[in-house]
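Student: mind looking at a prediction? Sequence and model below.
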Amino acid sequence: MKSKKYIINLAFGITFASVLFVVGCSSSKDVAVAKSGAQLWGENCVRCHNAPSPTAFSDYQWETIGQHMRIRANLTAMETDKIVDFLKMAN
Amino acid sequence: MKRLLKISLLLLVAFFISEAVFAQDDEDFDKEDPVEELAKEVNSLKPGLSRFLMRGYAHAGVEFLQNSATFVGGSFNPIFLWQQSKRLLFESELELELTETGTELGLDYADMSYFLNDYMTIRLGKFLLPFGTFGERLHPRWINRLPSNPLGFTHSGQVGPLSDLGVEIRGAFHMTRSAWINYSIYVVNGPRLNDGGDEPEEGGKLHYNNYIDNNKAKTFGGRIGILPLNNSSLEIGFSGQFGKVGSSDTKYEDVGSQLYALDLSYVTRLDFMKSMLDIKGQWNRVKVDQASYPNPEDAAQSYSFENVSDAYYAQLSIKPAFVDNSFFNKLEFVGRYSKLELPTEAVWGGEDTQITVGINYWLDFRTVIKFAYQTLDSNGTEDGHNSLAQGDAFLVHWSIGF
């Protein structure tokens, strides 16, 4: 009885996530394309902490931090790349 | 004879001249274009695909509590990042902390992430759980706007998990032109139920640091975060985690748990106040299936209660970052209301309410001095579930992110 509840919960979760995933992929590209790296930085890098100054790190450091934040903040690859390119240009 | 001498002399001269000329040629050959030379040097400094970065954060401070005033902290959390390729990152965080008896070393997380595609990442190891946002995103000392954690979000009196061992799939994608979603689903060891066998006064509590699982059943969980606004200023998250918590081969084997969290974040620029507004909140509910535990007052008896705990907080901060005055634009004003509700019928039950107000002074984006006044209204058998400050307190901390 109990395990049935978990299976239902799990099945619900997975179905929900995969539906959203499929729906999402189809429209992902054009939105990210529309925004510049600077804008994405201004909108996303303040959501948890103060927006870090581009001059705080070198190009190579930004690449690693970009990967770290892509995981922490659940960003797509395109958004991360645009933000990192902006930070590398502005530092 | 004289002629021979003349010829030899001539040959000798010719030899030296040619030597000199060739040597010159060799030198000319070695001397490259300075730009090319510089390019070569820069190229030699180019790191490969393996990168290592060490960051982290630290804090210290002084706390004036009801009966004591004490310097605290002197702790630091190094973060190690190994970027192995464009797809693979290993992240780990240690915590070095002073305790009453010495120095303690903790492992906050150690996990490997592999980017499966643009919208999906797999994580393996010990990671911060996306159960709400406080544990995963807001707890680092330079990120937390106040010197203390909300009630129920610390290791003592904890309601809801902060980290665990397992596998996770996470990522993000755009739903419409303005709204986007991030998701995470995971399988972990899950919390362990204290059945009160050894500590009757703890019967029915969940312990979250369950590094060697106490049962075969795994715990499933996940979070969906929705960012409905075009400028990503608002995020609403729903989390759930489900699994059995009792130890195998005991009568608690089938006791399950259902954990839920709701979180909110709103960060925006208030032009009329030349300020940044930051609102954060989270509500955790932990429900454990009904079971009976040894009665601490009478070991021969057992007792049972509705095992539901709640912990929630709401925090608002305003930072006049865009005013011209260079003192005021570094200030930040914060207020937080936080509440912990443990099952009233349990011996470890009770209700705590905490109100914290604070003023921060930011030296730069990652260095802050925090002043806070905190009141605690405790109404339970166990006095003050918050480890940091029991009763009313005045806290001064500085924190730095690296």
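Tutor: Received it, and whenever you're ready, just let me know what you need.

Student: residue contacts, residue 87?
Tutor: Went with chain A since none was named. If you count contacts by C-beta atoms under 8 Å, 6 or more residues apart in numbering or on different chains, A:Leu87 has them with A:Gly37, A:Trp41, A:Pro54, A:Phe57, A:Trp62, A:Gly66. For the C-beta atoms, the positions are set from N, CA and C on the backbone; glycine is no exception.

Student: my bad, the chain I had in mind was chain B
Tutor: Residues in contact with B:Arg87 (C-beta under 8 Å, 6+ apart) are B:Tyr114, B:Phe115.

Student: any idea how far it lies from B:Thr353?
Tutor: Distance, B:Arg87 to B:Thr353, using C-beta to C-beta, to the nearest Å: 47 Å.

Student: could you do B:Leu165 as well?
Tutor: Going from B:Leu165 to B:Thr353 by C-beta to C-beta gives 33 Å.

Student: of those two, who's got more company?
Tutor: Just comparing B:Leu165 and B:Thr353: by other C-beta atoms under 10 Å in any protein chain shown the higher neighbour count belongs to B:Leu165, 19 against 15.

Student: just to revisit the earlier point, turn the contacts of A:Leu87 into JSON lines, including distance to B:Lys330 and neighbour count.
Tutor: Formatted as JSON lines, the contacts of A:Leu87 follow (distance: C-beta to C-beta, whole Å; neighbours: other C-beta atoms under 10 Å in any protein chain shown):
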{"residue": "A:Gly37", "distance to B:Lys330": "27", "neighbour count": "19"}
{"residue": "A:Trp41", "distance to B:Lys330": "21", "neighbour count": "22"}
{"residue": "A:Pro54", "distance to B:Lys330": "19", "neighbour count": "15"}
{"residue": "A:Phe57", "distance to B:Lys330": "22", "neighbour count": "19"}
{"residue": "A:Trp62", "distance to B:Lys330": "25", "neighbour count": "23"}
{"residue": "A:Gly66", "distance to B:Lys330": "27", "neighbour count": "22"}
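
Student: of the residues you listed, closest to B:Asp271?
Tutor: Comparing the contacts of A:Leu87 against B:Asp271 with C-beta to C-beta places A:Trp41 closest, at 19.5 Å.

Student: name the SS class of that closest one, please.
Tutor: At A:Trp41, secondary structure determined by DSSP: H, G, I helix; E, B strand; the rest coil is helix.

Student: ok, now which ones touch it?
Tutor: Here A:Trp41 is in contact with A:Ala51, A:Ile83, A:Phe86, A:Leu87 (C-beta under 8 Å, 6+ apart).

Student: still on that earlier bit, quick check: the two most widely separated of the contacts of A:Leu87?
Tutor: Maximum pairwise distance in those, criterion C-beta to C-beta, is 15.2 Å, between A:Gly37 and A:Phe57.

Student: give me every residue that touches B:Thr353.
Tutor: Here B:Thr353 is in contact with B:Leu151, B:Tyr337, B:Ser338, B:Lys339, B:Leu340, B:Leu376, B:Asp377 (C-beta under 8 Å, 6+ apart).

Student: go through those and name the one nearest chain A.
Tutor: Taking C-beta to the nearest C-beta as the measure, chain A lies nearest B:Ser338 of the contacts of B:Thr353, at 18.7 Å.

Student: mind listing what that closest one touches?
Tutor: The contact partners of B:Ser338, taken as C-beta under 8 Å, 6+ apart, are B:Pro150, B:Leu151, B:Gly152, B:Ala311, B:Tyr312, B:Tyr313, B:Ala314, B:Thr353, B:Gln354, B:Ile355, B:Thr356.

Student: put the buried members of these into a PyMOL selection.
Tutor: To isolate the buried ones among those in PyMOL, judged by 16 or more other C-beta atoms under 10 Å in any protein chain shown, type:
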select buried, chain B and resi 150+151+152+311+312+313+314+354+356
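
Student: so which of the contacts of B:Ser338 belong to strands?
Tutor: Counting by DSSP state E, those place B:Ala311, B:Tyr312, B:Tyr313, B:Ala314, B:Thr353, B:Gln354, B:Ile355, B:Thr356 in strands.

Student: please report how far the fourth one lies from chain A.
Tutor: Plainly put, B:Ala314 is 17 Å away from chain A if you go by C-beta to the nearest C-beta, to the nearest Å.

Student: which residues does that residue bridge with?
Tutor: Per DSSP bridges, the residues bridged to B:Ala314 are B:Gly281, B:Tyr337.

Student: how about CSV for the contacts of A:Leu87, with pLDDT and secondary structure added?
Tutor: Formatted as CSV, the contacts of A:Leu87 follow (pLDDT from 0 to 100; DSSP: H, G, I helix; E, B strand; the rest coil):
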residue, pLDDT, secondary structure
A:Gly37, 95, helix
A:Trp41, 96, helix
A:Pro54, 96, helix
A:Phe57, 96, coil
A:Trp62, 97, helix
A:Gly66, 97, helix
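
Student: now the strands: where do they sit in the stretch 251-400 of chain B?
Tutor: Applying DSSP state E, counting those that start in this stretch to the stretch 251-400 of chain B gives strands spanning B:256-270, B:275-288, B:292-295, B:298-304, B:307-319, B:331-342, B:350-364, B:367-380, B:393-401.

Student: the fifth one to strand B:350-364, inter-axis angle?
Tutor: So that's strand B:307-319. In terms of direction (axes from the mean of the first three to the mean of the last three C-alpha atoms, to 10 degrees), strand B:307-319 departs from strand B:350-364 by 30 degrees.

Student: same for strand B:307-319, what does it pack against?
Tutor: Judged by 3 or more C-beta pairs under 8 Å, 6 or more residues apart in numbering or on different chains; DSSP states H and E, the packing partners of strand B:307-319 are strand B:275-288, strand B:331-342.

Student: from memory B:Thr268 sits against B:Ser275, does it?
Tutor: No: contact between B:Thr268 and B:Ser275 fails when scored by C-beta atoms under 8 Å: they sit 9.7 Å apart.

Student: what stretches of chain A score poorly on pLDDT?
Tutor: For chain A, applying pLDDT under 70 flags the ranges A:1-33.

Student: can you map out the helices along the stretch 1-150 of chain B?
Tutor: All helices of the stretch 1-150 of chain B, identified by DSSP state H, counting those that start in this stretch, fall at B:2-30, B:34-45.

Student: in the stretch 201-350 of chain B, what residue lies closest to chain A?
Tutor: At 4.6 Å from chain A, B:Ser232 is the closest residue in the stretch 201-350 of chain B, using C-beta to the nearest C-beta.

Student: that residue: what's it in contact with?
Tutor: A:Glu43, A:Asn44, A:Arg47, B:Trp180.

Student: how's chain A carved up into domains?
Tutor: Listed by automatic domain parsing, the domain ranges of chain A are A:1-33, A:35-91.
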